[in-house]
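**Q** build me a model from this:
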Amino acid sequence: MNKENFNSKERGEKISRALKEYYQNNKHPCLGKHLSESVKNKLSEAHKGKKLSEEHKRKIRESCLRWNKEVGMPPEIRKRIAEKQRGRKVSEETRRKISEANRGHKAWNKGLTEEDPRVKKYTEKRTETQRRLYKEGKIKPWLLGKHRTEETKRKLAARLKGKTYEEIMGKEKALKCKKKLSEIMKNKVQGKNNPMYGKFGEKNPHFGKPAKHGEHSFRKDLGHHCRSKWEANYCRFLLWIGRKYQYEPKTFIIILPSGIKATYTPDFLIDGNEWHELKGWENRSELKKWKIFQEQYPNEKFVFISKDKYKNLQNLYQYIIPNWEF
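**A** Got it, this is the predicted structure:
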């Protein structure tokens, strides 16, 4: 047999088929045996510094893919490996070696979004596994039974105060979060499930009563609550220029275009005879109560502080007036 025939592809395939047929009825001679540490060290030294060619890497990759597709690892073996690896900690030396080995390599999922089928497949599988393990009680949330300290709560509140969902978690995650919250609220408070169903206008138990303030809205330097940092800063501006004010001292009854009674509470009463309303987003709602108030109470003096007016005040006084909130 000449050298050309010996290295031929047909001969390799013939040997492979013969070995497969043999090991279907016979055990591998190395089955159940383990290499000694000295043999492992010798093999490691023999392969150290040697690099596989791109052709060799390609063949190994194709062989592994073919094996996984045609044969695969039995579920019981996968389970045994998973149980053995669970809870195992990697040493710092091993982490360093892995980091050096992967340096310069591009991650397979770099630049892919969560909507990519390749990423989505692993995400859904991981989520399914975590839910199953939580249900079986094999893993527990790391915060289960733990409580944040008051100091930690205060720091988190200060860091997130005034920020939108987009600023906290990014546009994509914020959109998903809002969609999920919307679906939850629709199921819980839609229609007759809503405890306030049919209770509008005068039927509302809160009709004519001032709205409650949040726990963290109290400003020590002002001595009262404020619904936003803009309103708090406007109070500081009024005090700075020597104007006397009252914050939300009175609630007015107004008639909406639909004929339903509603309430409107202006933000500030200045010097006992002038109402000021501060609005950062004038077009946020189609229903502008302050305009209805002006029409139905023409004898009340009213001043509207728009977003642009507030920004002008902020540019002039933010570094002059003490305790200004940013």
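
**Q** what about the strands in the stretch 201-326 of the chain?
**A** With DSSP state E, counting those that start in this stretch, the ranges of strands along the stretch 201-326 of the chain come out as 218-219, 224-225, 245-247, 252-255, 261-264, 268-270, 274-278, 302-305.

**Q** could I get these as JSON lines with mean neighbour count, mean pLDDT and distance to R88?
**A** No exception for glycine: its C-beta is placed from N, CA and C like everyone else's. JSON lines is the format used below for the strands of the stretch 201-326 of the chain (neighbours: other Cβ atoms under 10 Å; pLDDT from 0 to 100; distance: least, Cβ to Cβ, whole Å):
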{"stretch": "strand 218-219", "mean neighbour count": "15", "mean pLDDT": "90", "distance to R88": "51"}
{"stretch": "strand 224-225", "mean neighbour count": "16", "mean pLDDT": "92", "distance to R88": "53"}
{"stretch": "strand 245-247", "mean neighbour count": "17", "mean pLDDT": "95", "distance to R88": "60"}
{"stretch": "strand 252-255", "mean neighbour count": "15", "mean pLDDT": "91", "distance to R88": "68"}
{"stretch": "strand 261-264", "mean neighbour count": "17", "mean pLDDT": "88", "distance to R88": "63"}
{"stretch": "strand 268-270", "mean neighbour count": "18", "mean pLDDT": "95", "distance to R88": "63"}
{"stretch": "strand 274-278", "mean neighbour count": "19", "mean pLDDT": "94", "distance to R88": "59"}
{"stretch": "strand 302-305", "mean neighbour count": "15", "mean pLDDT": "93", "distance to R88": "62"}
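
**Q** tabulate those strands (TSV), appending distance to G145.
**A** Listed next are the strands of the stretch 201-326 of the chain as TSV, based on distance: least, Cβ to Cβ, whole Å:
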stretch	distance to G145
strand 218-219	31
strand 224-225	34
strand 245-247	42
strand 252-255	50
strand 261-264	44
strand 268-270	46
strand 274-278	44
strand 302-305	48
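
**Q** closest to E183 out of the ones you listed?
**A** strand 261-264 (29.0 Å; Cβ to Cβ).

**Q** other SSEs contacting that closest one?
**A** strand 252-255, helix 289-296 (3 or more Cβ pairs under 8 Å, 6 or more residues apart in numbering; DSSP states H and E).

**Q** so which of those is nearest R219?
**A** Here helix 289-296 is closest among those (Cβ to Cβ), at 23.5 Å.

**Q** list of residues touching the closest one?
**A** Residues external to helix 289-296 that are found in contact with it (Cβ atoms under 8 Å, 6 or more residues apart in numbering): 252, 254-257, 262, 264, 266, 277, 279, 300, 302, 304.

**Q** apply 6 Å and report the result again.
**A** Residues outside helix 289-296 that contact it (Cβ atoms under 6 Å, 6 or more residues apart in numbering) are I254, Y264, E277, F302.

**Q** if we can go back for a sec, need the helices and strands packed on strand 261-264 in a markdown table (columns: distance to A158).
**A** Shown next, in a markdown table, are these (distance: least, Cβ to Cβ, whole Å):
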| stretch | distance to A158 |
| --- | --- |
| strand 252-255 | 35 |
| helix 289-296 | 31 |
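
**Q** between these, which gets nearest to H147?
**A** It's helix 289-296; of the helices and strands packed on strand 261-264, that one is closest to H147 (Cβ to Cβ) at 40.9 Å.

**Q** how distant is the closest one from the center of its chain?
**A** 40 Å (Cα atoms, centre = their mean, to the nearest Å).

**Q** that one to strand 274-278, inter-axis angle?
**A** Here helix 289-296 runs at an angle of 150 degrees relative to strand 274-278 (axes from the mean of the first three to the mean of the last three Cα atoms, to 10 degrees).

**Q** hang on, the earlier thing: so which of the helices and strands packed on strand 261-264 is nearest G162?
**A** Short answer: helix 289-296, nearest of these by Cβ to Cβ, at 23.1 Å.
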